[in-house]
Each structure stands twice: as structure tokens, then as C-alpha cells.
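[1] fold the following.
(2 chains)
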Amino acid sequence: MRTSRFLLSTLKETPADAEIISHQLMLRAGMIRKVAAGIYNWLPLGLRVLRKVENVVRDEMNDAGAQELLMPAVQPAELWQQSGRWEMYGGELLRMNDRHQRDFCYGPTHEEVITSLMSNEIRSYKQLPANFYQIQTKFRDERRPRFGVMRAREFVMKDAYSFHLTQDSLQETYEVMHTAYSNIFSRLGLGFRAVEADTGSIGGNASHEFHVLADSGEDAIAVCDKHQYAANVELAEALAIRGERPTANADLSKVETPDKHSIDEVAEFLNVASTDTVKTLLVVGEEHEVVALVLRGDHELNELKAEKHPLVKAPLTWASDEQINAVAGCSAGSIGTVELSVPVIADRSAANLADFVCGANEDGFHYTGVNWARDCAEPEVFDLRKVQAGDLCARADATSAANDDDVLSITRGIEVGHIFQLGTKYSEAMNATCLDQNGKAAVMPMGCYGIGVSRIVAAAIEQNHDERGIIWPTAMAPFQLVITPIGYNKSDEVKQACDRLYAELKDLGIDVLLDDRNERPGIMFADADLMGIPHRVVIGAKSLQNQQVEYKKRGAESAQDLPIENITAWLDTEIRG
RNA sequence: CGGGGUGUAGCGCAGUCUGGUAGCGCAUCUGGUUUGGGACCAGAGGGUCGGGGGUUCGAAUCCCUCCACCCCGACCA
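    Below is the predicted model:
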């Protein structure tokens, strides 16, 4: 491609509404343009990258035995009514009517369509297992689209759905997909991590998310390399502190804590560590009006975990000030476990404390030297808190001596893939059965496997950029190499050398960009760096006199001079290995 | 959906408080000088000041209303 024939729409200044670096750089490099909130045009440069990602995904999916098909973006309401999601799905489902006022939606996902389709096409267990995928545009009417294509309303997704006779077969395909996903992200040159994930409302047996690691990621991931454990912090299990609960030592004592409400204020005032305090949170209960959740002072509540307790009403709802006053007789900052007449659920590490500090259920007072069993009832113990960096890994041997590499670290990630074992939720609803060996109809268990193709583009930039712009991994680069002439329109020698190299590289099948604009070198360098083209060759009259050209890898410290003689072969090796 | 904010040329902004008929930088076009890290000179084009309504002799500016977009909280590829 020649720049004179290509829509280069680079911007010197950053558009004001772009907040994160990938969004800024995609706009500045001329990859995307906004049409409406969360809806984007992909310009030729951006589409090149998107297609590269799609092709890697397609290649690996095909290798893993999946078959590509294409389903419609617009789907009839009837299918969604069968699965029950027409009512359940809420505002994210973009609904519309056709000219006959029939209900349709723009597909946010395709379980309904594929299950309906395969309930007709798959007749016999001999056709199983089968895995189908598509790369297609989805629409989810997000409450708050943001970060460009990272969280868009319209986006490109690869979604796959597998059908099975048995759970074992589903498990097998699930593992094949796990491997395929790892291959995809490796080939794309991304630093990533597969993590255990919440199965959420869909249920099912297993679920993994694939995260591209980046500081700007919206998700926090707890990782332990030693035990190869990685989980979304929404899910990551928090173990109790090592060892048994110490025996009670101190006497229960009520102390004045005027105007001290937060844990930090109380701990400082009483001159104790926050790890020797507990906080008592009142939330709306399932059977009781309120229940108490007790955490160690320095810990944070994990709301998803709390919702899983049968006594806690989901979604988690905080008790009102009136309810708190009715139950505890004080305001929120002074609630404690002593003489509290509601069910008490304590986090493991809170339950392991002795001689701790808590509120006295009277404004302005706390208790010190509080002990379970002696001063208040033994609590029900439950994993309630968010894991923190430094916590013991859930797979570590809790009885062994403390060891630095047994602990979790927290990193941030961008979710780019999610694999699920769906079970029979959809196949039952849509009556997707096939005949088994005995000629009996069997409901087919299903798996589903998603990759956010357009999100990968943004995630790759979050992970690979510098102050000059994008640094594409080779597999995703819109162009693999740019030829930057110095004086293309002035010197025939330069022009000929550039044209020749361009033609030779093109013949080798390399995506090469020749910058034949009549621009100053600084502009061409800046644009090439901004667009993130991995390899650059500069050809000017001076270096040609020495039979040399200059080569620089994007992101490298400095350039090197190379003989022009074997430059094509040398570059081919450098680019394709 | 709740809370906060912003809409002025393709992009970044000033002008709004205190009403007087729209400006700066970048980009674009023409001519010239330049040519190894976003050049310089001269000229040019480009604006329903988010939309509608009102107040006024006069509205980007004041008032009402609608809309769009952005940011902070619960969801997801």
C-alpha cells in the first residue's frame, strides 16, 4: 500500500472525550471514528487490525475442530420468549419492531438462534460433539458505554456454541477451547492469563475468563504462580489466617470513643491495630429483616460472596438508618457483635480473632477485649471478604509454615474471552434433543465460548504503547513494515530503490506501506510511530551512496545501517522468522 | 438508571459572568522557500455558536425547554 492511496487520518491533538490511552491512540492514529455513544466507524487502518485478529481467531477455531457459520444480527422475539430471556434480559437488549409491528431484537448473543437451529439440524448422537462459531457484530445497549471500542455498544465478537451427548464430552470440548484460547492470545503476542470466574446467573459447572494484563484493566485478578491459581477477585477464595483462634485474655470493657466512627479513627484513638478490630455491617436478610456481616477491620466485603449466603438477600442491600437504629440502637459507625439480636455471619478471619475491638451498639462507645462465645454467640463462619495482595493462596497448604510464594498478588486485567459450560439451560428451553444409542431423545448439554474481537484491539494497545504511539505485536499490525524515503519526489535513485524494495516485499506477501507522500521526514516518522508499524526502513540519498539503508524496529532504542544488497531477504527473516 | 459536567470550524480551545453581530492554534487549499523527528512566509476556504421557544432595538452571551456527549456508581466480550 502507498500512503498516497491510503486514508491516513492521523491527529496531532488528542480528542477531548477519549480517556484511556487505547481510545486516544485509536482516534489519533485514524483507526476509528465515533458515530454515536458506543458506536464506531472502523477506518481502513483500524479494519486491517481487526481483520488480523479475526483471522488468528478463525484459524485457531478451525484447528480446534469448530465450524464457522453466520447467524443473523436481527432476531425474532419468539426465540427469546422460548428461552424466557425476552422478559429477563432487561435494558441491554435492543428491541425493535418491523413494519408489521412484530417484535425483534438486535442480537446481544446467539444462544437462542443456535439452539433453535441445531435442534433441527442435529438428529443423532453420531453427529456429536459439534462446535459452531461465528465472527459477527453484536449489540448490547450498555448502561454506560465508554473507553472507545473497549466497552462499546456495537462490537465484534467471536461466539462459539458446542453440543454434546454427555457432560464428559462437554468437559472435553471445554478443555480444547481453553487450549485454543491460549493459542490465540499467544499468537496475537499478548500477555494474558486464564482465570477462574463466577458462573453467575447462567449457572453451570465451570467458567474461565481470559484477561489481557494491563494496569488500566477494569478487573482485578488474584494470582499465585506457585500453585498456578488465578481467579477474578469477585470469586477468589479467602482463607482464614493461619493457626487457631487465640484464647481469650483480656476482659470485656466498654470505652468511650467520642465521634470516632471509621475503623481507622477508632483504631488510632484506642491505639490498636486495625487487624484487632472488627466491623459489623447490617444488610437486608432473606428470612430476617436484617442480618449482620462481620469482617476484620482492615478487610473489605465482597458483595458477590455475601449474596451467596442463604440468609442474605440478593442483590445485596444495605440496611437503612432506621433499620440499623431499630436493631442496634445506634448509628452505622458504632454497631458491634455484643448483644446483637440478629443472625451474625462472620468472615473466616474475623471469626479467628480474640480480644478484639467492636462497636458497643451505642453512639460514642466501643468494646475492647471482645471474645466470641464468651461475650457474644459463636458466629456462623463464611467466606465474605475480598482477597487482598498477601493473602494465602487457596491452593496452598494452610497447615505448612508460612512461605512468601504461597501468597496471592493482585494484578489488573481486561476481559477478552470467556468460556462457559452451559449445561442444558437452553437446550431444555428450546427442546434441543437428539437420539442417543438407544434411540431415545436426549437433551444436549451445551458449552459457549466468547472472544471480544474488537476489544482485543484496544486491549493490545493498552498493553503495548509508548509516548509516541502504538507498538503493535507483529500478528496484529496493520502493516508489518513501512518504507520511509528521504526525498522520494526529489531523487530518482531514492525512488527506484524504494519502489524496488516495495515490490519485492509485496511479492513475498509482506504487508508493506510505502510512504510516498511529499512530506518532511519528521511527519512521516511521527505517523509511522503513532500507527505502531513494527518495522521501518529509511532510504535516503546519503545512505544509498554507501549502498546502505537504515532499519529500525518500533520501540527499539536506535536504528542500524544495513547493506542494501540482501536487504529484502534480511527483512523477510526479521519479520517472519 | 441516579449524581456531576460539557456542547462555539475536521481537532484542541478562548469569548458567556458584565448582551453590540465570532476569534486563536492545529489541520485543509493555493503560491513560494524548505526537507533526517510533527518547518517558514504570503494568501484562501470553512461556523444553523447542539435544537426549539422566549426576553431585548440587538442574544454564542440572559430565561425556559428538548437533545447529544463525557465523567463517577451497579453489569459484561
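
[2] which bits of the stretch 151-300 of chain A sit near RNA strand B?
    A:Arg151, A:Ala152, A:Arg153, A:Phe155, A:Met157, A:Gly200, A:Ser201, A:Glu209, A:Glu218, A:Asp219 (Cβ under 7 Å from any atom of the strand). The way it works is simple: take the backbone N, C-alpha and C, and place the C-beta from them, glycine included.

[3] where does the third one fall, phi/psi-wise?
    So the one you mean is A:Arg153. The phi/psi pair for A:Arg153 (degrees, to the nearest 10) reads phi -80, psi -50.

[4] so it makes contact with A:Arg143?
    No: A:Arg153 is beyond contact range of A:Arg143, at 10.1 Å (criterion: Cβ atoms under 8 Å).

[5] and the two? Which one has more around it.
    Neighbour count, other Cβ atoms under 10 Å: between A:Arg153 and A:Arg143, A:Arg153 has more, with 19 against 8.

[6] the biggest strand by length in chain A packs against which elements?
    Identified as the longest strand of chain A according to DSSP state E is strand A:409-423. The elements that strand A:409-423 packs onto, with contact taken as 3 or more Cβ pairs under 8 Å, 6 or more residues apart in numbering; DSSP states H and E, are helix A:167-187, strand A:192-196, strand A:207-213, strand A:219-224, strand A:446-452, helix A:453-463.

[7] following it, which helix or strand comes up?
    Sequence-wise, the next helix or strand downstream of strand A:409-423 (DSSP states H and E) is helix A:425-429.

[8] pull out the buried residues from that following helix.
    Across helix A:425-429, burial judged by 16 or more other Cβ atoms under 10 Å covers A:Lys425, A:Tyr426, A:Ser427, A:Glu428, A:Ala429.

[9] mind listing what the spatially most central residue of chain A touches?
    For chain A, A:Glu415 is the residue whose C-alpha lies nearest the centre (Cα atoms, centre = their mean; 1.3 Å). Residues counted as contacts of A:Glu415 (Cβ atoms under 8 Å, 6 or more residues apart in numbering) are A:Glu209, A:Phe210, A:His211, A:Glu218, A:Asp219, A:Gly452.

[10] can you add pLDDT and give these back as a markdown table?
    Formatted as a markdown table, the contacts of A:Glu415 follow (pLDDT from 0 to 100):
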| residue | pLDDT |
| --- | --- |
| A:Glu209 | 94 |
| A:Phe210 | 97 |
| A:His211 | 96 |
| A:Glu218 | 89 |
| A:Asp219 | 91 |
| A:Gly452 | 97 |
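
[11] any regions of chain A where pLDDT drops low?
    Applying pLDDT under 70 to chain A flags residues A:199-205, A:240-242, A:398-403.

[12] domain map for it?
    Using automatic domain parsing, the domain parsing of chain A gives A:3-218+A:412-460, A:253-382, A:479-576.

[13] will you turn those domains into TSV that also has distance to A:Ala236?
    As requested, those are exported to TSV (distance: least, Cβ to Cβ, whole Å):
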stretch	distance to A:Ala236
domain A:3-218+A:412-460	8
domain A:253-382	9
domain A:479-576	34
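
[14] before we move on, the earlier item: chain neighbours aside, what residue packs nearest to the residue nearest to the centre of chain A?
    Closest residue to A:Glu415 in three dimensions, ignoring its sequence neighbours and counting by Cβ to Cβ, 6 or more residues apart in numbering: A:Glu209, at 5.2 Å.

[15] what's the neighbour count on the one you found?
    Other residues near A:Glu209 number 25, with proximity taken as other Cβ under 10 Å.

[16] touching, it and A:Ala197? I think so.
    Yes: using Cβ under 8 Å, A:Glu209 makes contact with A:Ala197 at a distance of 4.2 Å.

[17] which neighbours do those two share?
    Applying Cβ under 8 Å, 6+ apart, one finds that A:Glu209 and A:Ala197 are jointly contacted by A:Asn232, A:His418.

[18] what about the strands in the stretch 1-150 of chain A?
    A:32-36, A:39-42, A:67-68, A:74-76, A:94-97, A:103-106, A:130-139 (DSSP state E, counting those that start in this stretch).

[19] which one of these is the most hemmed in?
    Ranked by mean neighbour count, the strands of the stretch 1-150 of chain A are led by strand A:130-139 with a mean of 20 (mean count of other Cβ atoms under 10 Å).

[20] name the residue of the stretch 351-500 of chain A that lies nearest to RNA strand B.
    Nearest residue of the stretch 351-500 of chain A to RNA strand B: A:Gly452, at 2.5 Å (Cβ to the nearest atom of the strand).

[21] what residues are up against that residue?
    By Cβ under 8 Å, 6+ apart, the contact list for A:Gly452 reads A:Phe155, A:Val156, A:Met157, A:Glu415, A:Val416, A:Gly417.

[22] which pair in the residues you listed spans the largest distance?
    A:Val156 and A:Glu415 (15.3 Å; Cβ to Cβ).

[23] what helix or strand is A:Ile483 on?
    With secondary structure defined by DSSP H and E, A:Ile483 is part of strand A:481-486.

[24] outside of that strand, which residues touch it?
    By Cβ under 8 Å, 6+ apart, the residues outside strand A:481-486 that reach it are A:494-495, A:498, A:501-502, A:505, A:510-516, A:521, A:524-525, A:528, A:533-542, A:571, A:575.

[25] whichever helix or strand comes after that strand vs RNA strand B: in contact?
    Per DSSP H and E, strand A:481-486 leads on to helix A:492-507 as the next helix or strand towards the C-terminus. No: remark: helix A:492-507 sits outside contact range of RNA strand B, by Cβ under 7 Å from any atom of the strand, the gap being at least 9.4 Å.

[26] and helix A:492-507, how far out from the chain middle?
    Relative to the centre of its chain, helix A:492-507 is centred 43 Å away, using Cα atoms, centre = their mean, to the nearest Å.

[27] please apply the same query to stretch A:214-229.
    With Cα atoms, centre = their mean, you get 11 Å for stretch A:214-229.

[28] repeat that for stretch A:111-127.
    With Cα atoms, centre = their mean, you get 30 Å for stretch A:111-127.

[29] count residues in the vicinity of A:Gln480, would you?
    21.

[30] not counting its neighbours along the chain, what's nearest it?
    A:Gln480 sits nearest to A:Asp511 (Cβ to Cβ, 6+ apart), 4.8 Å away.

[31] surely that neighbour is in contact with A:Thr474?
    No: contact criterion Cβ under 8 Å: A:Asp511 and A:Thr474 do not qualify, at 10.1 Å.

[32] joint contacts of those two?
    Shared contacts of A:Asp511 and A:Thr474, defined by Cβ under 8 Å, 6+ apart, comprise A:Gln480.

[33] what bridges to A:Val443?
    On the basis of DSSP bridges, A:Val443 is bridged to A:Thr433.

[34] pull up the residues of the stretch 451-577 of chain A that are close to RNA strand B.
    By Cβ under 7 Å from any atom of the strand, the residues of the stretch 451-577 of chain A that approach RNA strand B are A:451-452, A:454-455, A:468, A:486-487, A:490, A:518-523, A:525-527, A:529-530, A:538, A:540, A:542-543, A:550, A:552, A:559.
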